[in-house]
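K.L.:
please find the sequence and the predicted model below.
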Amino acid sequence: QVQFVESGGGLVQPGGSLRLSCTPSGFTWGPYCIGWFRQAPGKEREGVSCINGEGNTYYADSVKGRFTISRDIAENTVYLQMDNLKPEDTAVYYCATGDGGAWLGYVEADNWGQGTQVTVSS
């Protein structure tokens, strides 16, 4: 069972930046993805971004060009740099692991963090 230490998030004005971090324990890098989903009130959960053991990345169209996912293998930590944030980015962001298809909605992710709130508002 993978457990997560998540940090980051908070309140930021439109156009601002935040960085999320996620450190999974019990996770083995390989073909599996680790990254973030988000869910806003009244909306469906959305796969935001993930990165796999080969360094391949995925981004939802809604965040391409604004969000950057990266990893520090030595620290076993994944980061999501979120720039030019918009009010529509407001959501609870969940770190998760699973098959890359989970971020496309084909399968369920395997493990979930507790989530962190991101609020973009003036």
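P.N.:
Looks like it came in fine.

K.L.:
residue 36 against residue 19, yeah?
P.N.:
No - contact criterion Cβ atoms under 8 Å: residue 36 and residue 19 do not qualify, at 11.6 Å. To be clear about C-beta, it is placed using only N, CA and C from the backbone, and glycine gets the same treatment.

K.L.:
what's near enough to touch residue 122?
P.N.:
Residue 122 makes contacts with 13, 14, as judged by Cβ atoms under 8 Å, 6 or more residues apart in numbering.

K.L.:
how close does it sit to residue 86?
P.N.:
Look at residue 122 and residue 86: by Cβ to Cβ, to the nearest Å, they are 11 Å apart.

K.L.:
which residues are in contact with each of these two?
P.N.:
In contact with both residue 122 and residue 86: residue 14, using Cβ under 8 Å, 6+ apart.

K.L.:
in what helix or strand does the residue nearest in space to the middle of the chain lie?
P.N.:
Centroid-nearest residue in the chain, with Cα atoms, centre = their mean: residue 36, separated by 2.0 Å. Assessed by DSSP states H and E, residue 36 sits inside strand 33-39.

K.L.:
export that strand as PDB, just CAs?
P.N.:
The C-alpha trace of strand 33-39 is given here as PDB (Å, rounded to 0.1, in the frame of the first residue of the first chain):
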ATOM      1  CA  CYS A  33       2.500   6.900 -13.300                       C
ATOM      2  CA  ILE A  34       2.400   9.200 -10.300                       C
ATOM      3  CA  GLY A  35       0.800  12.500 -10.500                       C
ATOM      4  CA  TRP A  36      -2.300  14.600  -9.600                       C
ATOM      5  CA  PHE A  37      -6.000  14.500 -10.100                       C
ATOM      6  CA  ARG A  38      -8.300  17.400  -9.200                       C
ATOM      7  CA  GLN A  39     -11.900  17.800  -8.300                       C
END
